[in-house]
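>>> here you go, sequence then predicted model.
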2 protein chains.
Amino acid sequence: MTAMATRQRGRPRSFDREKALHEATMAFWEHGYEATSIADLTRVMGIGAPSLYAAFGDKKALFGEVVESYAGRYGDFGRRALAEEGTARAAIGRLLGEAAVEYTDPEHPRGCLMISAAANCTAADVRAALRERREAGLAAFESRIGADVASGALPPGTDARTLARYAGAVLQGMSQQARDGASADELAKVVEVAMRAWPDRPAGRGA
Amino acid sequence: MTAMATRQRGRPRSFDREKALHEATMAFWEHGYEATSIADLTRVMGIGAPSLYAAFGDKKALFGEVVESYAGRYGDFGRRALAEEGTARAAIGRLLGEAAVEYTDPEHPRGCLMISAAANCTAADVRAALRERREAGLAAFESRIGADVASGALPPGTDARTLARYAGAVLQGMSQQARDGASADELAKVVEVAMRAWPDRPAGRGA
DNA sequence: CCCTTTACCTAGCGGTCGCTACAGAAAGGA
DNA sequence: TCCTTTCTGTAGCGACCGCTAGGTAAAGGG
């Protein structure tokens, strides 16, 4: 309390916490929250159960850290696309295009952890946590689209909420398809089709 | 063997097999294959575990019957739309529109059992069984679209496989959104947007 | 009536779940 | 050197998992 950073007393941790968290992320990403057991986790993390509990709390807290680190490391392409592109169309198009690559990257499990890892989960709070993140994503889409409607880059009658939900549905569908085995190329072609639905000039049909 | 239909010997079953199967369907639909325990099933079916095993085999076999009956009872709108509509566009548009209603019907759990019930399932064969059904659905879409390309109802360059996968992705996304709480009206608007991507006349941009 | 056949109920099997008590090991402070 | 602090490994807790043995109840056949 008085001094800060008591410079580690006692026996030092014998494993790399970041690396262990990464391995846990891969396991949860692949199999989902509930289907990944503590025994699975201790095996892939290379540590004993007491070390896991000492370092991360419990299974839910570990999953919480996994989701947080996942969002920053693998889910950030969406935020960047929304922030960096000049129009909602460009942002969503880029986001979906990058998802096609990301969701099929052989370096890690397929699809999106935040979409699939708590799909059929008994723990209601874990389900709710990921659902809230998905809803936050939709809200970010809607906000970006709304800005384009306000600026005139999209037709005045455009329903931002619906267009955001459409983009979210395509994204979630792509995640499922990736987990079902679709290739990056196949998903990229789907994105190309999906973007044809976008109202691309202020004289469009509206909605 | 010699005579047929030995007209029930022994004590008759004390529960309605169809009704029990229906209750099991609701449970699996709501919570998924793995998260639905035998104890959950016996409770909602109103029978003891030995009766369940005697009537349905084991958990996998029961789930198999559930999927089969679900496909006929709740998943048939897709087959009908593909069979009855004059064009692939009309068929897919109707299919998605009916899905918006079906996936949010308060009479039963939200979304589609075949899409979500084995999402994070440890049993690989159960996962594979539903994946194969989804792939069969995509193949049916592709076949119907291919017929329209051949007949000239769709532009010659149209990629039937991609268009089918696009429709499947939207459908799967809608299922997820329904489970996340989207209303029938919201999903219907998403369908309206999604169908704008459809190549609607033989002078379209192709792909 | 008794016998056979089938279904039901109670109780509990071996296994895995998430999690932890406990004792030993490895560091710094006195 | 000894104590305190923190981490590690073994071993196992109570609860639940899918599933079933064994005894009893309810039907038809003789």
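Thanks, I have the structure now.
>>> what's near enough to touch the residue lying closest to residue A:180 once chain neighbours are set aside?
Excluding its sequence neighbours, the residue lying closest to residue A:180 (C-beta to C-beta, 6 or more residues apart in numbering or on different chains) is residue B:131, at 5.5 Å. To be clear about C-beta, it is placed using only N, CA and C from the backbone, and glycine gets the same treatment. By C-beta atoms under 8 Å, 6 or more residues apart in numbering or on different chains, residue B:131 lies in contact with A:180, A:181, B:118.
>>> just the buried residues of these.
Among these, those buried by neighbour count (16 or more other C-beta atoms under 10 Å in any protein chain shown) are A:180, B:118.
>>> nearest to DNA strand C among the contacts of residue B:131?
For these, the residue nearest DNA strand C by C-beta to the nearest atom of the strand is residue B:118; the value is 17.5 Å.
>>> excluding its backbone neighbours, what's nearest residue A:125?
residue A:60 (7.5 Å).
>>> surely that neighbour meets residue A:123?
Yes. The criterion here is C-beta atoms under 8 Å, and residue A:60 meets it with residue A:123 at 7.0 Å.
>>> returning to what we had before: the residue nearest to residue A:180 and residue A:30, how far apart?
15 Å (C-beta to C-beta, to the nearest Å).
>>> same deal with residue A:169?
24 Å.
>>> and what of residue A:15?
21 Å.
>>> more neighbours, these two?
Shown here are residue A:15 and residue A:30; by other C-beta atoms under 10 Å in any protein chain shown, residue A:30 has more neighbours (20 against 14).
>>> what helix or strand does the more buried one sit in?
Assigned by DSSP states H and E, residue A:30 belongs to helix A:17-31.
>>> kindly report the same for residue A:185.
Assigned by DSSP H and E, residue A:185 belongs to helix A:184-194.
>>> any residues touching that helix, and which ones?
A:93, A:96-97, A:99-101, A:103-104, A:170, A:174, A:177-178, A:182, B:159, B:161-163, B:165-166, B:169-170, B:194, B:197, B:207.
>>> pull out the buried members of the residues you listed.
Buried among these by 16+ other C-beta under 10 Å: A:93, A:96-97, A:99-100, A:103-104, A:170, A:174, A:177-178, A:182, B:159, B:161-163, B:165-166, B:169-170, B:194, B:197.
>>> and the host helix or strand of residue A:147, what's buried?
Using DSSP H and E, residue A:147 sits in helix A:124-151. Residues of helix A:124-151 classed as buried: A:126-127, A:129-131, A:133-134, A:137-138, A:140-142, A:144-146, A:148-149 (neighbour count, 16+ other C-beta under 10 Å).
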